[in-house]
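Sequence and predicted model, in that order:
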Amino acid sequence: MTDLRIVIAGAGGRMGRTLIRAIAETEGLKLVGALEYAGSAHLGEDAGLMAGTGPNGITVESDVAPALNGADVVIDFSTPAATVRLAGRLAEAGIAHVIGTTGFSNEDNAAIADAALRTVIVKSGNMSLGVNLLAALTRRVAATLGDDFDIEIVEMHHNRKVDAPSGTALLLGDAAAAGRNRKLDECSDRGRDGLTGPRVKGNIGFASLRGGSVVGEHMVIFAGASERIELVHKAEDRMIFANGALTAARWTKCGETRREPGLYSMADVLGLADF
Ligand SMILES: NC(=O)C1=CN([C@@H]2O[C@H](COP(=O)(O)OP(=O)(O)OC[C@H]3O[C@@H](n4cnc5c(N)ncnc54)[C@H](OP(=O)(O)O)[C@@H]3O)[C@@H](O)[C@H]2O)C=CC1
Ligand SMILES: O=C(O)C1=N[C@H](C(=O)O)C[C@H](O)C1
């Protein structure tokens, strides 16, 4: 079997560098390109040196076309604007796209769904096995308990994170809403402040904490009249997200054949859709 040829977008970021290390440590995967923003201080650097693995001969560049030459899949943890632009390019080229970026608007999500009509896209606010299992559990618990239990989702991340609520919190919120046969857009309470009035029954609340070096922590609280259930995930190392993204990248192919175009989730990749 030939090596899977991978390009990393957002290569100089926390996740980009973690992915470059993960690829170097994994049999059957080959880094063939490293993309960064046009003004990035990393342009021209050797991607391996940048990520701390030793030189690998791949130069960090902002020009997308040469980096994509011969690539099977792009793994992208960058920014919403960069990801949406890249999704259009990859759809034209028929190259698979694994999207870990978070913080998308509804318009961004529509543009990504449109790109997925032409190529395979795996997109998830969290690529780890643990969080995707937590989401499956959240859906089942929400379906079992019903509206008498108030659902609140609390997340904490490092002080460099720029979007809130986190992509994971929204993924968990979607799962909770789906368990109640609702759409999250119709029942979410985000950013309470001031004289908010009492809690609206059936809504799903979000709270975001930021500080220090926390990799990512999420808690789904089901608060009833005299009892409370809490489902918690704590990420201790970004390598769990990188390994999940590599699993997704491999999944974009069945043997030597690319999967059918479509917008897929980590639940599809991990076989948790019917859990
Ligand atoms: N789904 C998941 O499992 C996870 C998702 N994430 C998400 O991934 C994203 C990145 O996270 P993280 O690595 O911590 O953030 P960083 O800010 O460390 O990395 C983002 C990188 O993308 C670069 N970038 C900006 N514009 C472009 C562009 N046009 N082309 C290529 N690269 C570009 C940035 O460059 P510069 O700094 O020069 O602007 C930066 O190096 C976030 O949205 C985060 O929420 C993070 C962890 C796990
Ligand atoms: O920005 C991060 O760091 C993370 N982002 C993702 C999110 O928004 O949920 C996943 C993880 O929690 C780390």
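In hand now; what should we look at? Ligands and ions are numbered 1, 2, ... in the order given.

In terms of pLDDT, where does residue 273 sit?
Here the pLDDT value assigned to residue 273 is 85.

Look up how far residue 26 lies from it.
Counting by C-beta to C-beta, to the nearest Å, the separation of residue 273 from residue 26 is 25 Å. C-beta here means a position set from N, CA and C on the backbone, and glycine is covered the same way.

which of the two has more neighbours?
residue 26 (15 against 12; other C-beta atoms under 10 Å).

show me what contacts the more buried one?
Residue 26 makes contact with residue 246, according to C-beta atoms under 8 Å, 6 or more residues apart in numbering.

For ligand 1, what's the nearest residue on the protein?
residue 13 (2.0 Å; C-beta to the nearest ligand atom).

which residues touch the residue nearest to that residue when sequence neighbours are not counted?
What sits nearest to residue 13 in space, not counting adjacent residues and going by C-beta to C-beta, 6 or more residues apart in numbering, is residue 77, at 6.2 Å. Residues counted as contacts of residue 77 (C-beta under 8 Å, 6+ apart) are 9, 10, 13, 15, 16, 19, 100, 101, 241, 245.

Close to ligand 1: what parts of the stretch 151-275 of the chain are there?
For the stretch 151-275 of the chain, the residues in contact with ligand 1 (C-beta under 6 Å from any ligand atom) are 163, 167, 241.

top of these by neighbour count?
Going by other C-beta under 10 Å, residue 241 tops those with 25 neighbours.

Now do stretch 99-119: everything it contacts.
10, 15, 75-80, 82-84, 87-88, 90-97, 121-125, 127, 162-163, 166-168, 170, 241, 245, 261-263.

Let me see the mean pLDDT of that stretch.
On average, stretch 99-119 scores 98.

For it, list the C-alpha coordinates in CSV.
Provided in CSV are the C-alpha atoms of stretch 99-119 (Å, rounded to 0.1, in the frame of the first residue of the first chain):
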residue,chain,number,x,y,z
ILE,A,99,-11.3,20.2,9.1
GLY,A,100,-10.5,20.7,12.8
THR,A,101,-10.8,24.5,12.7
THR,A,102,-13.6,25.9,15.0
GLY,A,103,-15.4,29.2,15.2
PHE,A,104,-17.4,29.0,11.9
SER,A,105,-20.4,31.3,11.2
ASN,A,106,-23.6,29.8,9.6
GLU,A,107,-22.4,31.2,6.2
ASP,A,108,-19.0,29.5,6.6
ASN,A,109,-20.7,26.2,7.4
ALA,A,110,-22.9,26.6,4.3
ALA,A,111,-19.8,27.2,2.1
ILE,A,112,-18.2,24.0,3.6
ALA,A,113,-21.3,22.0,3.0
ASP,A,114,-21.3,23.2,-0.6
ALA,A,115,-17.6,22.2,-1.1
ALA,A,116,-18.6,18.7,0.3
LEU,A,117,-20.8,18.2,-2.7
ARG,A,118,-17.6,17.9,-4.7
THR,A,119,-15.1,16.2,-2.4
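
quick one: contacts for residue 211?
For residue 211, the contact set (C-beta under 8 Å, 6+ apart) comprises 156, 158, 159.

How about stretch 24-40 and ligand 1, any contact?
Yes - Stretch 24-40 reaches ligand 1 (C-beta under 6 Å from any ligand atom) through 35, 36, 37, 40.
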